[in-house]
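S.K.: need coordinates for the following:
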Amino acid sequence: MFNAFRTLVGRDLLLAMRRRSDLFTTLFFFVIVVSLFPLGIGPELNTLRLIAPGVFWVAALLASMLALERLFAIDYEDGALEQMLLAPQPLFVLVLAKVTAHWLVTGLPLVLMAPLLGLQYDMANDALLAMVISLLLGTPALSLIGAIGAALTLGLRGGGVLVSLLVLPLYIPVLIFGSGSVEATASGLGGQGHLLMLGAILILSLLFAPLAASAALRISAE
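M.R.: Numbering: from 1, shown residues only. So this is what the prediction gives:
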């Protein structure tokens, strides 16, 4: 199973490198959205510090949704999904491999860019650290939850809109605890409780999201 997991992750990363436009679209969207708010609101530092957690997390949430529609679509179109369904390895392991590759391409770059973009909002070091940790815990959960919606809408017209409608309500707890951890840290209250909740959401997503996405893929493929 580990060899199948590693092979599928490597394959998806290789395909992502060949489609660099898809790779950079998510990152550029995140950078542009986060950078436009200081220009639109003005140079008032107190206001920028206040809105920074919400801006970063909303931008990360929307950026992660951009690539969800194509999470399984390419495999569905070229027949690779049928081979995955017939493979001797459990389907949830293969789904987890695809979600891992999706996060490495769309989620990890956002985490790495967050400290640099946070300088535009004059965020303190402890708030920046909380931002990075919250994104490191929250963005994998976004990919896992989004995989369920992507599997359910596979092969449907207007799948991107349907994915957004399905997963957006499930994203709200991640958004609340992610931005809340940064706000609590910046105000001196401590964001450990919010980060623990994010960790719990991530663990639950790891346990249940691949199984749910696997069942949805079997239904969509029939």
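S.K.: in the protein, which helix is the longest?
M.R.: With secondary structure taken from DSSP state H, the chain has its longest helix at helix 192-221.
S.K.: so which elements touch it?
M.R.: Other helices and strands packing on helix 192-221, by 3 or more Cβ pairs under 8 Å, 6 or more residues apart in numbering; DSSP states H and E, are helix 80-86, helix 91-106, helix 125-152, helix 159-186. C-beta coordinates here come from the backbone N, C-alpha and C atoms, glycine included.
S.K.: pick the most buried one from the ones you listed.
M.R.: Stretch with highest mean neighbour count among the helices and strands packed on helix 192-221: helix 125-152 (a mean of 24; mean count of other Cβ atoms under 10 Å).
S.K.: show me what that helix is packed up against.
M.R.: helix 45-66, helix 91-106, helix 108-118, helix 159-186, helix 192-221.
S.K.: quick one: contacts for residue 202?
M.R.: Residues near residue 202 by Cβ atoms under 8 Å, 6 or more residues apart in numbering: 137, 138, 140, 141, 144.
S.K.: if we use 6 Å, what do you get?
M.R.: By Cβ atoms under 6 Å, 6 or more residues apart in numbering, the contact set of residue 202 is 137, 140, 141.
S.K.: how near is the spatially closest residue to it that is not a sequence neighbour to residue 167?
M.R.: Residue nearest to residue 202 in three dimensions, not counting chain neighbours: residue 141, with 4.7 Å by Cβ to Cβ, 6 or more residues apart in numbering. Separation of residue 141 from residue 167 (Cβ to Cβ, to the nearest Å) stands at 11 Å.
S.K.: do the same with residue 42
M.R.: For residue 42, the distance to residue 167 equals 33 Å [Cβ to Cβ].
S.K.: off-centre distance for stretch 190-202?
M.R.: Offset of stretch 190-202 from its chain centre (Cα atoms, centre = their mean, to the nearest Å): 17 Å.
S.K.: in that stretch, which residues are buried?
M.R.: 191, 194, 195, 197, 198, 201, 202 (16 or more other Cβ atoms under 10 Å).
S.K.: will you turn those into JSON lines that also has pLDDT?
M.R.: Shown next, in JSON lines, are the buried residues of stretch 190-202 (pLDDT from 0 to 100):
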{"residue": "191", "pLDDT": "79"}
{"residue": "194", "pLDDT": "90"}
{"residue": "195", "pLDDT": "91"}
{"residue": "197", "pLDDT": "92"}
{"residue": "198", "pLDDT": "92"}
{"residue": "201", "pLDDT": "93"}
{"residue": "202", "pLDDT": "93"}
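S.K.: chain center to the longest helix of the chain, what's the gap?
M.R.: So, by Cα atoms, centre = their mean, the centroid of helix 192-221 is 12 Å from its chain's centroid.
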